[in-house]
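Enquirer: Build the 3D model from these lines:
(chains A and B)
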There are 2 protein chains.
Amino acid sequence: MINPEYIGFFAATLTTSAFLPQAFKIWNSKKADGLSLTMYLVMAVGTLSWLAYGLLIESPSVIVANSISVSIIVFIITFIIRSKK
Amino acid sequence: MINPEYIGFFAATLTTSAFLPQAFKIWNSKKADGLSLTMYLVMAVGTLSWLAYGLLIESPSVIVANSISVSIIVFIITFIIRSKK
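Expert: You can find the predicted model right below:
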């Protein structure tokens, strides 16, 4: 039987990297106009909750995936708030 | 000790609903211009992999969250492909 963690880390790589183009775009343009702060705040709380879930069920791939996603989402939120000023 | 599944389902509700505004926007406008097909295809494969992971570790919240996400993502992809024609 294949180790589920291999599939988990494969999944983590894909769903985490889906956020990267948006982060790069913001980094290059130094702007985050048009992005929904509400959506990213919901994603941040959701991803932090998945992180808590991963810690509780002791799932390495859920923990790693959501730690990275939270970092990228917080980065995006910082730029959205700066853009609004 | 709190049941981890409560936290998992709370997380699932948030991260799944983050996709909904985009799906509603497409449904109302019947257009999906400006959306990246590549990004949504990556998300689809990633979410299907999380679903497989959830089945392997027998996690109810991971299974339910990713089943719903896959459905919404496939709906968005269908509209992106139609828009390109």
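
Enquirer: Count the residues that sit near A:Ser29.
Expert: For A:Ser29, the neighbour count with other C-beta atoms under 10 Å in any protein chain shown is 11. Any C-beta I mention is one placed from the backbone N, CA and C, and that applies to glycine too.

Enquirer: And A:Ile77, by the same measure?
Expert: Around A:Ile77 there are 17 other residues, counting by other C-beta under 10 Å.

Enquirer: do the same with A:Ile76
Expert: 23.

Enquirer: so who does it touch?
Expert: A:Phe19, A:Gln22, A:Ala23, A:Ile26, A:Ala32, A:Leu35, A:Tyr40 (C-beta atoms under 8 Å, 6 or more residues apart in numbering or on different chains).

Enquirer: Selection in PyMOL covering whichever of the residues you listed are buried, please.
Expert: A single PyMOL command selects the buried members of those (16 or more other C-beta atoms under 10 Å in any protein chain shown):
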select buried, chain A and resi 19+22+26+32+35+40
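
Enquirer: Which pair of the contacts of A:Ile76 spans the longest distance?
Expert: The most widely separated members of those, counting by C-beta to C-beta, are A:Phe19 and A:Ala32 (13.2 Å).

Enquirer: and the gap between A:Val42 and chain B?
Expert: The gap separating A:Val42 from chain B is 5 Å, by C-beta to the nearest C-beta, to the nearest Å.
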